[in-house]
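Trainee: Build the 3D model from these lines:
(2 chains)
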Amino acid sequence: MTEPITPEPVEAPPPESLMERPHPATPIIKGWIALVGLVFIFGRDFLENLGKSEQPFGWGSLRFIGIMLGGYVLVTAVVGYFSWRFTRFVIDDRQVRIEHNFIQHNSDKVPFTKIQSVDVVQPFAARLLGLAQLRIDVGAGSGKTIEYLTRARAYQMRDYLVARAHGQQVTVEESVTRRATADALHDLATDEHVLLRVPVQRLVLAAVLSSGFLITLVLSILTIGGLTWFRQFGGMVGVIPLVTGLFGIISRDVVKQWNFSLVRSGQALKVSRGMTSLVSQTLPTNRIQGLQIVQHQAWRPFGIYRVKMDVLGYGGGDEGEGASDVLLPAGTWPEVELAIDAVWPGFRLADIELHGVDRKVRKLHPFIWKSYRWGRNADVAVAMNGGFVHETKIVHHARVQSVHLMAGPIQRRMGLADVQLDTTAGLLSTCHLFELDEQLARRLVLEEMDLCRAARARDAERAALDALPAPSTAWIPRTNAGHTPYWG
Amino acid sequence: MDTFAAPVDVWKPLSPNYLKMKRLMVLLVWGIELTAASIALGWFHRWWAGVALAVASVLWIFYRWHRQGRVYRIWGYAERETDLYIREGLLQRTLTVVPYGRMQVVTVNSGPIERKYGLATVTLETASAGTDATIPGLPTAEADALRERLSELGEQQAVGL
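Mentor: Numbering: from 1, shown residues only, chains lettered A, B, ... in the order given. Alright, predicted model coming up:
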């Protein structure tokens, strides 16, 4: 009983991190965005039901809608105020933590090494007030959002997080002082330069000539023509969804990609785009699993291509606002090569010898057999196929998860087989080498494993080089504006 | 040379009990359904229609029974130093290669009927949705041993995404 009570060995608590609150205008912006969204949905619904409603549209229903909207805005504003009041975050030298303590208590801690990319998104309302959202993508789930910060603060935090995500040991102050912002409005620092910009005319041309747009347009014209011919003007309402679809394509391919520019920023790449909402997206080049070059049939005479990338964690929910998998929305071939070179310095698609498939494939695919091509070197596998949309997929061997050799009954009779390379689940996630000779296909599959291993080993070396602190490493031979060549 | 031959020596087969189980399932599932259908057809429609369906059913069940043997012989797996190879599929034939270092999770699964036959299913998950690598019908002890080997090799050779 008299034994002295030895106090529990208490670890010295780490110095309390300074928690910050988002900008006080946050609830107003949130309320505004909710209102715009609601009006948009109601408006579309209203237009589509225009012909169907039996009662004539009167002032009574307008007042009802007005009261509904007013109530909704009030509720959103109150909820928004409290959720702002109880939201705190900290980004410092040790951690990223976001806490929401309204009704549901929830604390997110993001390890620096798990950050896949960081985007700064400015919806129209926020842009007017000079505020921005910080989105931290972690490759799983929907990512973490801090909304809203002042624009400059969001950019600073973005730069810091991206540096940490690349494995550099920098402090917040270092990161902030190192960056001398040349042009805050366009998010361009002094050490950055613009690789390419996409002119708006070309965006419009590409959107209008894309297969989806052309098909919808032809359908609309046929419907309108048919209805006029048979004097069935009441059915015109049926055209509204088609027209909405056309606007959807324009919105996705033109409005959201407006002023698209690709910027080299030290080790990272940045995309900024958008007409109403402005998005500044950081592309984690070391997380890009594969690339896809797409060319719609009607783009061929104009030589327009689109480049998409497969990034771990993308391709999920909200594609509109933040992360998008478009590396180049509409570009000429030299621009495509430039974009690919920015992602994988030193790699040129033209260096890879492409092989066609055997003539006997003609019987299986009479129209597009000539478009099947494949190629491979020590670093990548390339596969092409045609049809309405010409696709070229490039997969890096170091990113391949598994390989399949596949053949159906007809293919086996003809001595053909497909090869499939899987990368992590994403938009492109598989690369098919179609209709190869079966012995060749088997050889490719068995050799692929050795190629993957070798490529991974080189990749690990490169990652070790990249993890060194960036500024004071003049003794490491570097090319391409401070980027170690990927294809060593 | 056969396109789908094993990379080394021969494919390791599944347990013969797996074939027995699959054949029992054919008898049970098709047998019960088709018997009921034949009786119903003979009772409510014409007796000879029921008999005709019964004859066709016997042929069909025999075909399915026979086919299970061919499917079973296609199944096989092989382990090499760094990768696991799996062959499957009678019509759409597939040879899957998964590097041990890419495996995220290795699961051993056994349902009530499988347990009755002393069988277990080994499933490999990677970070890719396309990698659906499953080895069904291994004897329980072999499945556990395989899982241990794969997990250990996977840890040794683990690589980042």
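Trainee: Enumerate the residues of chain A near chain B.
Mentor: A:287, A:312, A:399, A:401-409, A:412, A:417, A:420, A:422-425, A:429-430, A:438-439, A:441-442, A:445-446, A:448-449, A:452-453, A:456, A:460 (C-beta under 8 Å from any C-beta of the partner chain). No exception for glycine: its C-beta is placed from N, CA and C like everyone else's.
Trainee: Show me the helices in the chain, by range?
Mentor: All of this is about chain A. For chain A, the helices defined by DSSP state H cover A:26-48, A:59-85, A:124-128, A:151-165, A:172-178, A:200-209, A:211-229, A:239-250, A:333-343, A:409-414, A:438-466.
Trainee: actually it's chain B I care about, not the one you picked
Mentor: Going by DSSP H, chain B shows helices at B:16-44, B:47-74, B:112-116, B:140-156.
Trainee: mind showing which ranges of the chain have poor pLDDT?
Mentor: I went with chain A, as the question did not name one. A:1-17, A:48-59, A:139-142, A:177-191, A:313-323, A:425-429, A:466-488 (pLDDT under 70).
Trainee: sorry, should have said chain B
Mentor: Counting by pLDDT under 70, the ranges of chain B that qualify are B:1, B:129-131, B:160-161.
Trainee: who in it is up against chain A?
Mentor: Checking chain B against chain A by C-beta under 8 Å from any C-beta, the hits are B:1, B:3-4, B:7, B:82-83, B:91-99, B:101-102, B:126-131, B:133, B:159, B:161.
Trainee: Just the buried subset of those residues, written out for ChimeraX, thanks.
Mentor: Per 16 or more other C-beta atoms under 10 Å in any protein chain shown, the buried members of the residues of chain B next to chain A correspond to this ChimeraX selection:
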select /B:3,4,7,82,83,93,94,95,96,97,98,99,101,102,126,127,128,130,131,133,159,161
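Trainee: In strands only, show me the residues of chain B next to chain A.
Mentor: B:83, B:93-99, B:133 (DSSP state E).
Trainee: from those, which is closest to A:W344?
Mentor: B:P99 (21.9 Å; C-beta to C-beta).
Trainee: OK, contacts around the closest one?
Mentor: A:402, A:449, A:452-453, B:82-83, B:157, B:159 (C-beta atoms under 8 Å, 6 or more residues apart in numbering or on different chains).
Trainee: If you drop the residues flanking it in sequence, what lies closest to the residue most central in space within chain A?
Mentor: Per C-alpha atoms, centre = their mean, the C-alpha nearest to the average position across chain A is that of A:S324, at 2.1 Å. Residue nearest to A:S324 in three dimensions, not counting chain neighbours: A:Q281, with 6.8 Å by C-beta to C-beta, 6 or more residues apart in numbering or on different chains.
Trainee: what about the one you found, how many residues close to it?
Mentor: 22 (other C-beta atoms under 10 Å in any protein chain shown).
Trainee: and if you look at the one 3 residues further on?
Mentor: With neighbours defined by other C-beta under 10 Å, the count for A:P284 comes to 21.
Trainee: Once you drop chain neighbours, what's closest to residue 30?
Mentor: Here I'm looking at chain A. Excluding its sequence neighbours, the residue lying closest to A:K30 (C-beta to C-beta, 6+ apart) is A:G80, at 4.5 Å.
Trainee: right idea, wrong chain: chain B
Mentor: Per C-beta to C-beta, 6+ apart, closest to B:W30 is B:I61, 5.1 Å.
Trainee: could I get the helices of chain B as CSV with mean neighbour count?
Mentor: Converted to CSV, those look like this (neighbours: other C-beta atoms under 10 Å in any protein chain shown):
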stretch, mean neighbour count
helix B:16-44, 15
helix B:47-74, 14
helix B:112-116, 12
helix B:140-156, 15
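Trainee: one step back: tell me which of the helices of chain A is the most buried.
Mentor: Greatest average neighbour count among those goes to helix A:151-165 (a mean of 22), per mean count of other C-beta atoms under 10 Å in any protein chain shown.
Trainee: picking up where we left off before, now do the contacts for the residue nearest to B:W30.
Mentor: Listed by C-beta under 8 Å, 6+ apart, the contact set of B:I61 reads B:26-27, B:30-31, B:34.
Trainee: try 7 Å this time
Mentor: Going by C-beta atoms under 7 Å, 6 or more residues apart in numbering or on different chains, B:I61 touches B:26-27, B:30-31.
Trainee: do you know how far it is from chain A?
Mentor: From B:I61 across to chain A, the span is 23 Å (C-beta to the nearest C-beta, to the nearest Å).
Trainee: Surely A:R197 touches A:S261?
Mentor: Yes: counting by C-beta atoms under 7 Å, A:R197 touches A:S261, with 4.5 Å between them.
Trainee: Quick check on these two: which one has the bigger neighbour count.
Mentor: Neighbours per residue (other C-beta under 10 Å) separate A:R197 from A:S261, with A:S261 holding more: 17 against 13.
Trainee: Can you tell me who the residue nearest to A:T87 when sequence neighbours are not counted pairs with across the strands?
Mentor: Excluding the flanking residues, the one nearest A:T87 by C-beta to C-beta, 6+ apart is A:H100, at 5.3 Å. Taking DSSP bridges as the rule, A:H100 bridges to A:T87, A:N106.
Trainee: and A:H100, what is it in contact with?
Mentor: A:H100 neighbours (C-beta under 7 Å, 6+ apart): A:83, A:86-87, A:106.
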